[in-house]
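Novice: Quick check, what structure comes out for this input:
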Amino acid sequence: MKYFHVNLATMQKQAESKTHSCEVCNAKFSRKNYLKTHMRSHTGDKPYSCATCSKSFSQSCHLKTHIRSHTGERPFACDVCSAAFTTKASLNLHGRTHTGEKPHSCEVCGLAFTTTSLLESHIRRHTGEKPFSCEECGSSFIRKAHLKLHMQSHPGQKQYACDICGSSFTMMYMLKMHVRKHTGEKPYSCDLCGSSFRMKPYLNAHMRRHSGDRPYSCNACNSKFSNYSILKKHLRIHSGEKPYTCGECGSSFARNDYLKMHQKMHTEERPHSCAVCGSSFRTKANLNAHMHMHSGEKHYCQVCGSEFSYYSTLKRHMQTHSGERPYSCEMCTSSFSRKETLKTHMKIHV
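Specialist: Numbers count the residues shown, from 1 in each chain. From the prediction side, this is the model:
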């Protein structure tokens, strides 16, 4: 009980010591300089400027943290995986990736997140709110990070240039990730299969292939996906949206990678060659699929034990067990497990 009374007395003393009040919001502070710093949140005053990029901040500690984005200094290192961060708060949040702690849950779909900011961003996917708008073109985004990425599309916004190819970026960390394309550096590795990736989000998405976790669902057909970008591409099947158009023949596609594959038909380019037999292919995916013929690697169905040379074939086969038919005919109520079968069916309506 003595310990409780000591803390209560301390708290009362601290409350009594807060004699400096904000005239705008009535917040109280124990020191006049704390109040002075707080007032900048109302006035917008940012007296601390970065000598490198001219960004300004309301507090000197915020400027100090920002400067690390230029110098690359990351003084707070993780004891588990050696990842390093510019602030102690970022390190503490990172620690949850090891402990698995996700204390913030979505009341709509049940997904859990490590931080309140991630939860707030996620909720906007349900509400459709996009509070971050581009002053140049009016485009709006769910997260501030997405707006920053978008700003690269406008001239005069790119300060960090790649010495190898000349590409430029708005932020230093974007340049660092880009340079890995040239160096081949892939610092994020999967502990289960050894695959490595340039970016941590790519590793996170990859890990869901092992865990089977598919938290993103299609409202139209209930198909589930391991990451939101794949769901977004899938939704175009239902909407019919094809935003990527070929400049040669006018064909349009739902995905940019489909357009790139198509464009190689015009050039007859086949840059991916098999080291075993010399066969060449338009895409790396086709080459990888071809290599299974040489390696003899098989993919097994965990339900019936059937084996397949290609993972895509196994994936189609699994639909015979699940009964999933994601491709529906708009003319009648028929649905199919494969897109090719739907196309064949559509001919009876023509």
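
Novice: Okay, now the unreliable bits of the stretch 1-150 of the chain?
Specialist: Under the criterion of pLDDT under 70, the regions of the stretch 1-150 of the chain flagged as low confidence span 1-18.

Novice: Going along the chain, name the helices of it.
Specialist: 2-17, 32-43, 60-71, 88-99, 116-127, 144-150 (DSSP state H, counting those that start in this stretch).

Novice: Turn these into JSON lines, including mean neighbour count and distance to G250.
Specialist: Yep, even glycine has a C-beta here, placed from its N, CA and C like the rest. Supplementary listing: the helices of the stretch 1-150 of the chain in JSON lines, determined by neighbours: other Cβ atoms under 10 Å; distance: least, Cβ to Cβ, whole Å:
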{"stretch": "helix 2-17", "mean neighbour count": "9", "distance to G250": "71"}
{"stretch": "helix 32-43", "mean neighbour count": "13", "distance to G250": "53"}
{"stretch": "helix 60-71", "mean neighbour count": "14", "distance to G250": "44"}
{"stretch": "helix 88-99", "mean neighbour count": "14", "distance to G250": "46"}
{"stretch": "helix 116-127", "mean neighbour count": "15", "distance to G250": "33"}
{"stretch": "helix 144-150", "mean neighbour count": "15", "distance to G250": "27"}
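
Novice: For the residue nearest the centre of the chain, give its distance to H126.
Specialist: Central residue check for the chain by Cα atoms, centre = their mean: the C-alpha nearest the mean position is that of P201, 5.5 Å away. Counting by Cβ to Cβ, to the nearest Å, the separation of P201 from H126 is 21 Å.

Novice: Look up phi and psi at the residue nearest to the centre of the chain.
Specialist: With angles defined as degrees, to the nearest 10, P201 sits at phi -60, psi -30.

Novice: OK, contacts around the nearest residue to R40 once chain neighbours are set aside?
Specialist: Of all residues not flanking R40 in the chain, S58 sits nearest, at 4.1 Å (Cβ to Cβ, 6 or more residues apart in numbering). For S58, the set of contacting residues under the criterion of Cβ atoms under 8 Å, 6 or more residues apart in numbering consists of 37, 40-41, 45-48.

Novice: what's the answer for T115, then?
Specialist: For T115, the set of contacting residues under the criterion of Cβ under 8 Å, 6+ apart consists of 93, 104.

Novice: That one and S211, how far apart?
Specialist: From T115 across to S211, the span is 21 Å (Cβ to Cβ).

Novice: Check the gap between L314 and H94 for me.
Specialist: As for L314, its distance to H94 is 35 Å (criterion: Cβ to Cβ).

Novice: same question but for V303, I mixed them up
Specialist: 38 Å.

Novice: Equivalent analysis for F29, please.
Specialist: For F29 relative to H94 (Cβ to Cβ), the value is 31 Å.
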